[in-house]
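Q: I would like the atomic coordinates for the input below:
(2 chains)
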Number of protein chains: 2
Amino acid sequence: MSEVYAARRARLRERCNAGGSPSALVSRPANVRYLAGAAPQGAVLLLGKSEDLLVCAAPPEDRPSEGRPDENLRLHILSGGGDPAVAAGDLAGSQGADGLAVEEHHLTVARHRALTSVAPSLQLADLGGAVEQLRVVKDEEEISCLRIGAEIADQALGELLESILVGRTERHLALELERRLVDHGADGPGFPTSVATGPNAGRRCHRPTDRRVEEGDFLSVCLGATYRGYRCEIGRTFVIGTSPADWQIELYDLVFAAQRAGREALAPGAAYREVDRAARQVLDCAGYGEGLPPLTGHGVGLEIDEDPQLSPSAMGKLDACVPVTVEPGVHLPGRGGVRIDDTLVVRPEADGGPELLTITTKELLAL
Amino acid sequence: MSEVYAARRARLRERCNAGGSPSALVSRPANVRYLAGAAPQGAVLLLGKSEDLLVCAAPPEDRPSEGRPDENLRLHILSGGGDPAVAAGDLAGSQGADGLAVEEHHLTVARHRALTSVAPSLQLADLGGAVEQLRVVKDEEEISCLRIGAEIADQALGELLESILVGRTERHLALELERRLVDHGADGPGFPTSVATGPNAGRRCHRPTDRRVEEGDFLSVCLGATYRGYRCEIGRTFVIGTSPADWQIELYDLVFAAQRAGREALAPGAAYREVDRAARQVLDCAGYGEGLPPLTGHGVGLEIDEDPQLSPSAMGKLDACVPVTVEPGVHLPGRGGVRIDDTLVVRPEADGGPELLTITTKELLAL
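A: Numbers count the residues shown, from 1 in each chain, chains lettered A, B, ... in the order given. Coordinates of the predicted model:
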């Protein structure tokens, strides 16, 4: 694995050199992990002039689920406490750097100021989202972690569906799903599990309440596992009771059609906004255009919400090996709604098209 | 409750006026909640020249556990998306402010830059930790939330002790505790529950692994509930099996003595570092001075780790009505260790001295 991290750092170094700042300070935890193999609490990565250093406030714990620092990367542990970012600025200066690119979208003003004061001769520049951009296209090792995470989420969801749901609260169902994720080998949930019943169903990122599942409810669930740092996402909507009402079937079929259109639009070279439009216009034509969430999908990886954003104003095109969610939904205030959410990997037509990672059925199940 | 928030904002405004910046932008979520009653995702509070505004990216959800925005505070919802902090800068300018104090320890460089560019005539200053300082001394309403949270944590822990532990993993025990917290009415865990067995026992902030509880282990547990946003903490260490080994009894008695010394040092007017020293010197005299964590306790409230820090270099003195943890511990690499952690409220002698919120026994229980 060590070569992988070195290769990623080499790619970043090329970008930095092109930008005129040969040294860089990476502080955003997911970016540190991507480049260094692990991101111990508070650690930063210095892409130095003569040497790369992982600067940590304390010795890293040995926890496989949190990754292991690349052994070819020198660890610099601050024995006397202090801010790793500030120490890294000092170290960059002592390596003779005169410029240092920092992640202005992550670093606070106070830390930036402290860096300036510890190394006043260092010209600070903005690294911007350079590491986030490198992270968009995944290698097969990364995709394999996402695939395992998706299998775990499918298992946890499948078991829940076999249990009795009526009378249980959203919060309990969410906790139960999170326990099952861990049972099946997840490091933990990839994000707070969302369980939404009745009038809450279909709301994006709904946070579970004490409402209990009732006969006739829509029940929408969104969960994901973290596996070796990689996070996936699956969302499904069910109906409680034997026979869904007509409006429920109609709404479900509509969201299903929108989600399928989004999935089918995934291809290398497809514009982000075209994928969004494919899903969105199905809902729009049916009169639900107002009040839709600003995006119908997003990248996943070391964070649950990464680039690209599949939204009407997004700029850019999909590449092969980019994992994204496709997750349109409609929520009718006071009545509830439907969301269907898959994680897929963009693949060329020749390889069979988009690879579906979350394989739980999308039929409307009555539970 | 509305007057409480208005009074807090009035105190902050006094400080801002004294500092020469009559307007302030509060972005740290716990600070926003403290001053506005709720902190919807991404929301910021503008303490304006003519009017205070809670600036939100979307309409706040109605979730009692997350607080309700003070109804005397005007909500400003960004209908077209965008960054609430940047919008607040624009609003401050349109109220005629020429200076705006921001939380430089929370705001990123990129957001700070965007603020400058949207309102170039606005002189940005640093609000520093002004709100955090206001939050140190709690009112009785806040303490009552902490007290309920502590009761919930005591209940969850008590139930766990009645169940069979041998053979179960740290991760499962942690998940079970978190479920029980919610069962008993917590909004959720106050921080990731720590369960540490055998050689892991006694490590501060240990993150649960797949290690199973074995006969003869030390088992140390640290958990807390969030109740109406307020977070408390309790930590206990037990022995698995009928009779603890001599070294276990000795180590336990030592940490117990250190923890008691820390608790007994809590009084209005006591220096933070004196409380730390009271606990630390007990461990130090027994030869465990090296390798102790940098602090033996800290404040709790809307965040689990707040001011004051009870550490050797901390400056300042305790006031009445400050809730703190007292949590010394010793970890012997390869063997395990002991931590004992209580949440207490500093009270004057005349009121009976420190109020213990976490009342689970501190006897060495053999389970």
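Q: who's in contact with the residue minimising distance to the centre of chain A?
A: The structure's chain A has its C-alpha centroid closest to A:Ile304; by CA atoms, centre = their mean the separation is 1.6 Å. Contact analysis of A:Ile304 by CB atoms under 8 Å, 6 or more residues apart in numbering or on different chains lists A:190-191, A:224, A:231, A:233. For every residue, glycine as well, the C-beta is placed using N, CA and C.
Q: in the stretch 251-367 of chain A, which spans are helices?
A: A:272-283 (DSSP state H, counting those that start in this stretch).
Q: In it, which residue sits nearest chain B?
A: A:Pro294 (6.2 Å; CB to the nearest CB).
Q: Find the nearest non-adjacent residue to that residue, please.
A: A:Ser311 (5.5 Å; CB to CB, 6 or more residues apart in numbering or on different chains).
Q: likewise A:Arg339?
A: A:Gly329 (3.1 Å).
Q: Thought A:Gly336 was touching the one you found, still the case?
A: No: look at A:Gly329 against A:Gly336 with CB atoms under 8 Å: they stay out of range, at 10.8 Å.
Q: shared neighbours, the two?
A: Joint contacts of A:Gly329 and A:Gly336 (CB under 8 Å, 6+ apart) are A:Gly202.
Q: got the contact list for the residue of the stretch 251-367 of chain A closest to chain B?
A: A:311-312, B:81.
Q: Let's see the pLDDT reported for it.
A: Here, the pLDDT recorded for A:Pro294 equals 88.
Q: And the residue of chain A most remote from its centre, how far from A:Gly99?
A: In chain A, the residue that sits farthest from the middle, by CA atoms, centre = their mean, is A:Ser121; the gap is 37.3 Å. Going from A:Ser121 to A:Gly99 by CB to CB, to the nearest Å gives 10 Å.
Q: Please apply the same query to A:Met315.
A: 28 Å.
Q: and what of A:Thr296?
A: Counting by CB to CB, the gap from A:Thr296 to A:Gly99 is 40 Å.
Q: quick one, which of these two is more surrounded?
A: A side-by-side neighbour count of A:Thr296 and A:Gly99, using other CB atoms under 10 Å in any protein chain shown, places A:Thr296 first with 29 against 17.
Q: tell me the contacts of the more buried one?
A: Going by CB under 8 Å, 6+ apart, the list of residues near A:Thr296 reads A:258, A:262, A:275-276, A:279-280, A:310-311, A:326-328.
Q: what's the closest of the residues you listed to B:Pro69?
A: B:Pro69 lies nearest to A:Ser311 out of the contacts of A:Thr296, by CB to CB, at 27.6 Å.
Q: so where's chain A shaky on pLDDT?
A: A:1 (pLDDT under 70).
Q: What are the structural domain limits within it?
A: Segmentation of chain A into domains, based on automatic domain parsing, reads A:2-135, A:140-356.
Q: Is the shortest one positioned near chain B?
A: Yes: between domain A:2-135 and chain B, judged by CB under 8 Å from any CB of the partner chain, the touching residues are A:61, A:63, A:81, A:102, A:104-110, A:112-113, A:126.
Q: Among the residues you listed, which lie within strands?
A: Of the positions in those, A:102, A:126 sit in strands, assigned by DSSP state E.
Q: Among the residues of domain A:2-135 next to chain B, the buried ones, what's the PyMOL command?
A: Entered in PyMOL, the line below selects the buried ones among these, by 16 or more other CB atoms under 10 Å in any protein chain shown:
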select buried, chain A and resi 102+104+105+106+107+108+109+110+112+113+126
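Q: Restricted to helices, list the residues of domain A:2-135 next to chain B.
A: Per DSSP state H, helices hold the following members of those: A:109-110, A:112-113.
Q: buried ones in the longest helix belonging to chain A?
A: Counting by DSSP H, the longest helix found in chain A is helix A:140-161. Residues of helix A:140-161 classed as buried by neighbour count (16+ other CB under 10 Å): A:142-143, A:145-157, A:160.
Q: what's the closest of those residues to chain B?
A: A:Ala156 (12.5 Å).
Q: Could you export the contacts of A:Thr296 to CSV, including columns for neighbour count and distance to B:Arg8?
A: Below are those laid out as CSV (neighbours: other CB atoms under 10 Å in any protein chain shown; distance: CB to CB, whole Å):
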residue, neighbour count, distance to B:Arg8
A:Ala258, 29, 46
A:Gly262, 28, 46
A:Val275, 28, 46
A:Asp276, 26, 42
A:Ala279, 28, 45
A:Arg280, 24, 43
A:Leu310, 30, 41
A:Ser311, 19, 38
A:Val326, 29, 44
A:Glu327, 26, 39
A:Pro328, 31, 42
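Q: how about the residues of the stretch 151-300 of chain A near chain B?
A: A:171-172, A:175-176, A:178-179, A:182-183, A:207, A:209, A:294.
Q: one step back: farthest pair in the contacts of A:Thr296?
A: A:Ala258 and A:Ser311 (14.6 Å).
Q: Next up, the contacts around the nearest residue in space to A:Asp253 that is not next to it in sequence.
A: Nearest residue to A:Asp253, sequence neighbours excluded (CB to CB, 6+ apart): A:Leu364, at 8.0 Å. Shown in contact with A:Leu364 (CB under 8 Å, 6+ apart): A:237-239, A:244, A:248-249, A:252-253, A:256.
Q: cool, and A:Leu295?
A: By CB under 8 Å, 6+ apart, the neighbours of A:Leu295 are A:276, A:309-311, A:314.
Q: The same query, at a cut-off of 7 Å, please.
A: A:276, A:309-311 (CB atoms under 7 Å, 6 or more residues apart in numbering or on different chains).
Q: what about A:Ala125, how many neighbours?
A: Applying other CB under 10 Å, I find that A:Ala125 has 17 neighbouring residues.
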